[in-house]
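S.K.: sequence unavailable; structure follows:
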């Protein structure tokens, strides 16, 4: 089987700008939405899954341009939408509002960690 996890990306460029300006606003439909209990980066998600015996096989980003509270009207222009969606897939750590991680359970027996 496979594990599919979708997480908010706190390392999104907009969140980074907020933090550089000393702000951490709770914005609906954003990585800082008050409904999120934890905040993740791609690297932290990989580490968390690895520590729990899950091997990450794929990471993809979602621009989630439907989130009007997070993105302004500029991002709804067709050319900008296409370019930004490409960037979110290519560089999820910086441009994806959310990222999707696909993992599989590590085979502990092959690494000598299983029972004979």
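M.R.: Everything's here; your move. Keep in mind that what you see is a predicted model, and the values were worked out from it rather than measured. Numbers count the residues shown, from 1 in each chain.
S.K.: for the residue nearest the centre of the chain, name its beta-bridge partners.
M.R.: Residue closest to the mean C-alpha point of the chain, counted by C-alpha atoms, centre = their mean, is residue 99 at 2.7 Å. In this entry, residue 99 is beta-bridged to residue 7, residue 61, by DSSP bridges.
S.K.: who's in contact with it?
M.R.: By C-beta atoms under 8 Å, 6 or more residues apart in numbering, the residues touching residue 99 are 6-7, 9, 40, 42, 45, 59-62, 92-93. Every residue, glycine included, has its C-beta placed from N, CA and C.
S.K.: next one: residue 14
M.R.: 30, 70.
S.K.: where's it, which helix or strand?
M.R.: Taking DSSP states H and E as the definition, one finds residue 14 inside helix 13-20.
S.K.: buried set for that helix?
M.R.: 14-15, 18 (16 or more other C-beta atoms under 10 Å).
S.K.: just stretch 52-70 next, same as before
M.R.: Using 16+ other C-beta under 10 Å as the test for burial, stretch 52-70 gives 54, 56, 59, 61-65, 67, 70.
S.K.: in helices, which of those appear?
M.R.: The helices, defined by DSSP state H, take in nothing from the buried residues of stretch 52-70.
S.K.: can I get these in CSV with distance to residue 25 and pLDDT?
M.R.: Below are these laid out as CSV (distance: C-beta to C-beta, whole Å; pLDDT from 0 to 100):
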residue, distance to residue 25, pLDDT
54, 32, 97
56, 30, 97
59, 26, 95
61, 22, 94
62, 21, 90
63, 20, 89
64, 17, 84
65, 19, 81
67, 14, 78
70, 10, 82
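S.K.: tell me which of those is nearest to residue 86?
M.R.: residue 63 (8.9 Å; C-beta to C-beta).
S.K.: closest one to residue 33 out of the buried residues of helix 13-20, please.
M.R.: Nearest member of those to residue 33, counting by C-beta to C-beta, is residue 15, at 11.4 Å.
S.K.: what's near enough to touch the nearest residue to the closest one once chain neighbours are set aside?
M.R.: Nearest residue to residue 15 in three dimensions, chain neighbours excluded: residue 31, at 5.6 Å (C-beta to C-beta, 6 or more residues apart in numbering). Neighbouring residues of residue 31 by C-beta under 8 Å, 6+ apart: 8-10, 12, 15, 39, 97-98.
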